[in-house]
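S.K.: generate coordinates for the sequence data below:
(2 chains, ligands or ions: 5)
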Protein chains: 2
Amino acid sequence: MALKSFIEVHPDSHFPIQNLPYGVFKPEPESQPRPGVAIGDYVLDLYEIASAGLFDGPLLKGSDCFHQPTLNKFVAMGRPAWREARATIQKLLSSTEPALRDNANFRGKSLIPVSKVEMLLPTNIGDYTDFFASLHHATNCGIIFRGKENPVPLNWFYLPIAYHGRASSVVISGTGIVRPSGQAYPLGDSPPSFGPSQKLDFELEMAAVVGPGNELGKPVDVNEAADHIFGLVLMNDWSARDIQRWEYVPLGPFLGKSFGTTISPWIVTLEALEPFVCEAPKQDPPPLLYLAEEISRNYDISLQVQIKPAGHDQASVVSNTNFKYLYWTLTQQLAHHTVNGCNLRPGDIFGTGTLSGPEPDSLGCLMEITWNGERPLSLNGATRKFLEDGDEVIFSGFCKGNGYKVGFGTCSGKVLPSIP
Amino acid sequence: MALKSFIEVHPDSHFPIQNLPYGVFKPEPESQPRPGVAIGDYVLDLYEIASAGLFDGPLLKGSDCFHQPTLNKFVAMGRPAWREARATIQKLLSSTEPALRDNANFRGKSLIPVSKVEMLLPTNIGDYTDFFASLHHATNCGIIFRGKENPVPLNWFYLPIAYHGRASSVVISGTGIVRPSGQAYPLGDSPPSFGPSQKLDFELEMAAVVGPGNELGKPVDVNEAADHIFGLVLMNDWSARDIQRWEYVPLGPFLGKSFGTTISPWIVTLEALEPFVCEAPKQDPPPLLYLAEEISRNYDISLQVQIKPAGHDQASVVSNTNFKYLYWTLTQQLAHHTVNGCNLRPGDIFGTGTLSGPEPDSLGCLMEITWNGERPLSLNGATRKFLEDGDEVIFSGFCKGNGYKVGFGTCSGKVLPSIP
Ligand SMILES: [Ca+2]
Ligand SMILES: [Ca+2]
Ligand SMILES: [Mg+2]
Ligand SMILES: [Mg+2]
Ligand code: NI
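M.R.: Ligands and ions are numbered 1, 2, ... in the order given. Down below sits the predicted model:
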């Protein structure tokens, strides 16, 4: 019989007992931030569970990792501790376990409706990196900017291209995004124009949260890289295409990206995603030795983008895609990131890059969907080339199990007008 | 009469009473890290000074900013607190003030020979940014890689180009730098090669340490930007030219930089540098309005690079240059960094980019000095195109006052062989 919780969880919920994603929340506006786990429409308060001594396994007994305001300490502990925590929580929430089920007082204290809490960034992000690992996205960008001949530069096929992002402006789902101002490409002989971005875009991505780090100077082997990944979140790498286009040669994107990056609050662990492993695309040319992994794994995660245009009640679906199209796997990304000795720290994140699929309705950003504004998008009464003030962008994602979903919830943000 | 300390300070010392730079140190291997100020060959232990109640001004009295393991809290307090601290410390160390001078017991506790302490990173660096703001460096790089026709792209003259760097691998002066491995440009039709970098280089830079930050979405006006800068350090942005060249299109440098960045331990405050302000180069075309400052200020800081080749006792000077050649000022860099709403946090750093001067002997990296390896450098018996294992690179810098120097000490690192 399938694992079941004593808490009623709708079959469409993203958070059944098979998932158990981790986040950080405040039960009351004045509370200290603390780790929690999502179950149905509730948050299980791990501060309370730990305080009650219910983490009684050898690794977590007596640990203060759930008495921290972030998950950094817990994710640093590594897979054995994650397994122990998952087993403890899964047992505690199961329909056959009386400890929490039959203790109304403790249940009231440790299970809080998610609608009542404030979600915060799950980790203190030391560094944020963004990859560019979808071949469909790289191809489309190449055609738009450089034409159909060799749209993807040769280096792309040999290394998972990435850039360092800005950690300070990573925000939690629901945070408003102020439209950035900046310089845009000059027309003719004029100086560049300056003003609010006219080409504000989203990028549908997922991001990996780093577990145990590595020492500076010590690369991580690609076949051990999975042990350094705690789990995944949804990520919107908001992008100002006009700012980016003028600034990015020769040192890459800077102000076109650093005004905000949104992540979803619940980190879905690799353990919870294990039943949804699938093969990654075949890589041709074959990867160099340090990127050649014994088993190449992607995950079958359905991803959806909706836009709720300013002044409208209804959101429209603008993309349906899947994580499984990712060309360079997460473990290849991590191995590449560290091959020069660069150190990752627990709680760091790295984004996959825009997750475009092969179909016209599976593209991961407006630049691709509207072909850089050439083909405006119809949104149930509104038309868009790029985002307008008041537009809300909502990502969601889930894996389909047998009678349940393992999901990521949503990653959303509304565009706020630029400050004059 | 000139300000003088009761501590004897040699006229060549970088750390007279006119300087008073801030760092973080451990007096004993087991001590807690704590803030200190350099004076001659000593470190003044601010933990002890604060514990003794000697910070008795209105802003610092009762503050625990000097009981922290980093300077983040102090730098966040802003210029009024910095002025108050400087006045207190300058008075305490002056030859006419008995409090410390005549108290042998307290002097022994709070003044520690710098040779006995371990220096640490002065702040917790949330984000590290690197600019590209020397015209001489940009021109030389352009000629080397793209030829003499228009070596500097047009956008360079309108915006201080920058990229996000890796914060985790910023290390303190003296830390060994492991030669990075990575992919290099393919020859002909072969796949790219992989192995230890064959073109390991240094980049002579200075970095600004951010004081009070700004809120996400709220740009800092260029004329107020100086209030957000606590001070400066020397910085070596170690660079693997072969790795960088293959990876950097289209998203900029990544693994060619992220294996290590060295900073000097003492933050020299803008207050201490004030007597050495000089005009910045004239900017043509004129900067856009948000970068046009009422007063454009550089600093007259002599900078020197020495290399001590592996197996040699003697270091050779390979460059003499000056901070004053910097094209985009620090305040323009900061205003540009935030114009899109990007938030800076106290303790963040941003590097100036390689500080090359106009003369052949004032270049800031080996790529320029040896013209990408074409003109090997003679080092008193050794020859170098790029750095070899065991080579030590030593930066120093100071301002010349009347009978004293305001200096930065050194920023050094030795190249360690790559790990097989
Ligand atoms: Ca992206
Ligand atoms: Ca640099
Ligand atoms: Mg972003
Ligand atoms: Mg560096
Ligand atoms: Ni960073």
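
S.K.: got a pLDDT number for the residue of chain A found nearest ligand 1?
M.R.: Of all residues in chain A, residue A:237 sits closest to ligand 1, at 3.7 Å by C-beta to the ion. Any C-beta I mention is one placed from the backbone N, CA and C, and that applies to glycine too. At residue A:237, the pLDDT value in this model is 98.

S.K.: then the one 5 residues further on?
M.R.: For residue A:242, the model assigns a pLDDT of 96.

S.K.: for the closest residue to ligand 3 within the stretch 51-200 of chain A, the count of nearby residues, please.
M.R.: Residue of the stretch 51-200 of chain A nearest ligand 3, by C-beta to the ion: residue A:165 (5.9 Å). Number of residues near residue A:165 (other C-beta atoms under 10 Å in any protein chain shown) recorded here: 26.

S.K.: go ahead and confirm it touches residue A:125.
M.R.: No: the criterion here is C-beta atoms under 8 Å, and residue A:165 misses it with residue A:125 at 9.6 Å.

S.K.: give me every residue that touches the closest residue to ligand 4 within the stretch 1-150 of chain A.
M.R.: Taking C-beta to the ion, ligand 4 has its nearest neighbour within the stretch 1-150 of chain A at residue A:127, 12.8 Å off. Counting by C-beta atoms under 8 Å, 6 or more residues apart in numbering or on different chains, residue A:127 touches A:164, A:167, A:344, A:345, A:348, B:166, B:167, B:168.

S.K.: ok, and the closest non-adjacent residue to residue A:383?
M.R.: Spatially, and ignoring its direct neighbours in sequence, residue A:383 is nearest to residue A:376 (4.8 Å; C-beta to C-beta, 6 or more residues apart in numbering or on different chains).

S.K.: for residue A:261, which non-adjacent residue is spatially closest?
M.R.: residue A:170 (4.8 Å).

S.K.: ok, the residue of the stretch 201-350 of chain A found nearest ligand 3 to residue A:200 distance?
M.R.: Minimum separation of the stretch 201-350 of chain A from ligand 3 (C-beta to the ion) falls at residue A:261, amounting to 3.3 Å. Here residue A:261 is placed at a distance of 13 Å from residue A:200 (C-beta to C-beta, to the nearest Å).

S.K.: that older thread, so how far is residue A:359 from the residue nearest to residue A:383?
M.R.: 19 Å.

S.K.: residues near residue A:388, how many?
M.R.: As a burial measure, residue A:388 scores 17 neighbours (other C-beta under 10 Å).

S.K.: the nearest residue to it once chain neighbours are set aside and ligand 2, how far apart?
M.R.: Nearest non-adjacent residue to residue A:388, counting by C-beta to C-beta, 6+ apart: residue A:310, 5.6 Å away. Taking C-beta to the ion, to the nearest Å as the measure, residue A:310 and ligand 2 are separated by 41 Å.

S.K.: show me the contacts for residue A:200.
M.R.: By C-beta under 8 Å, 6+ apart, residue A:200 lies in contact with A:179, A:180, A:238, A:239, A:240, A:241, A:386, A:387, A:415.

S.K.: find the nearest non-adjacent residue to the fifth one, please.
M.R.: Computed as C-beta to C-beta, 6+ apart, the closest residue to residue A:240 that is not its neighbour in sequence is residue A:197, at 3.8 Å.

S.K.: in the stretch 1-150 of chain A, where is pLDDT below threshold?
M.R.: Scanning the stretch 1-150 of chain A for pLDDT under 70 picks out the ranges A:1.

S.K.: neighbour-wise, which of residue A:376 and residue A:359 wins?
M.R.: More crowded of residue A:376 and residue A:359, by other C-beta under 10 Å: residue A:376, with 15 against 12.

S.K.: ranges for the helices of the stretch 301-420 of chain A?
M.R.: A:330-338, A:366-369 (DSSP state H, counting those that start in this stretch).

S.K.: and of those helices, who's closest to chain B?
M.R.: helix A:330-338 (7.5 Å; C-beta to the nearest C-beta).

S.K.: and that closest one, what's its mean pLDDT?
M.R.: For helix A:330-338, mean pLDDT rounds to 98.

S.K.: report all helices and strands that it contacts.
M.R.: Where contact means 3 or more C-beta pairs under 8 Å, 6 or more residues apart in numbering or on different chains; DSSP states H and E, helix A:330-338 is packed against strand A:162-164, strand A:204-210, strand A:229-236, strand A:349-351.

S.K.: and it, how far out from the chain middle?
M.R.: 16 Å (C-alpha atoms, centre = their mean, to the nearest Å).

S.K.: can you check stretch A:99-119 too?
M.R.: Worked out by C-alpha atoms, centre = their mean, stretch A:99-119 lies 27 Å from the chain centre.

S.K.: show me the contacts for the residue lying closest to residue A:340 once chain neighbours are set aside.
M.R.: Excluding its sequence neighbours, the residue lying closest to residue A:340 (C-beta to C-beta, 6+ apart) is residue B:180, at 3.6 Å. Contacts for residue B:180 were tallied using C-beta under 8 Å, 6+ apart; they are A:340, A:341, B:196, B:197, B:200, B:240, B:243, B:255, B:256, B:259, B:418.

S.K.: now swap in residue A:60 and tell me
M.R.: A:50, A:81, A:84, A:85, A:88.

S.K.: in TSV, list the helices of the stretch 301-420 of chain A along with mean neighbour count and distance to residue B:99.
M.R.: Output for these, formatted as TSV (neighbours: other C-beta atoms under 10 Å in any protein chain shown; distance: least, C-beta to C-beta, whole Å):
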stretch	mean neighbour count	distance to residue B:99
helix A:330-338	27	51
helix A:366-369	25	65
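
S.K.: same list, these, but as JSON lines with distance to residue B:20 please.
M.R.: What follows is the helices of the stretch 301-420 of chain A, written out as JSON lines (distance: least, C-beta to C-beta, whole Å):
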{"stretch": "helix A:330-338", "distance to residue B:20": "39"}
{"stretch": "helix A:366-369", "distance to residue B:20": "51"}
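
S.K.: do you know which of those helices lies nearest residue B:381?
M.R.: The closest of the helices of the stretch 301-420 of chain A to residue B:381 is helix A:330-338. By C-beta to C-beta, the value is 37.0 Å.

S.K.: is any part of that closest one close to ligand 1?
M.R.: No: judged by C-beta under 5 Å from the ion, helix A:330-338 stays clear of ligand 1, getting no closer than 12.8 Å.

S.K.: domain ranges for chain A, per the record?
M.R.: Per automatic domain parsing, the domain ranges recorded for chain A read A:22-120, A:128-416.

S.K.: what about the longest one, start to end distance?
M.R.: Looking back up the chat, that one is domain A:128-416. End-to-end distance of domain A:128-416 (C-alpha to C-alpha, to the nearest Å): 24 Å.

S.K.: any idea how far it is from the middle of the chain?
M.R.: The chain centroid and the centroid of domain A:128-416 are separated by 9 Å under C-alpha atoms, centre = their mean.

S.K.: how far away is the residue of the stretch 201-350 of chain A found nearest chain B from residue A:244?
M.R.: Using C-beta to the nearest C-beta, the single residue of the stretch 201-350 of chain A nearest to chain B is residue A:252, 2.2 Å away. Counting by C-beta to C-beta, the gap from residue A:252 to residue A:244 is 9 Å.

S.K.: looking at those two, which one has more neighbours?
M.R.: Under the criterion of other C-beta under 10 Å, the comparison of residue A:252 against residue A:244 puts residue A:252 first, with 26 against 21.

S.K.: right, and that one touches residue A:161 too?
M.R.: No: counting by C-beta under 8 Å, residue A:161 is not a contact partner of residue A:252; they are 9.7 Å apart.

S.K.: joint contacts of the two?
M.R.: Joint contacts of residue A:252 and residue A:161 (C-beta under 8 Å, 6+ apart) are B:250, B:251.
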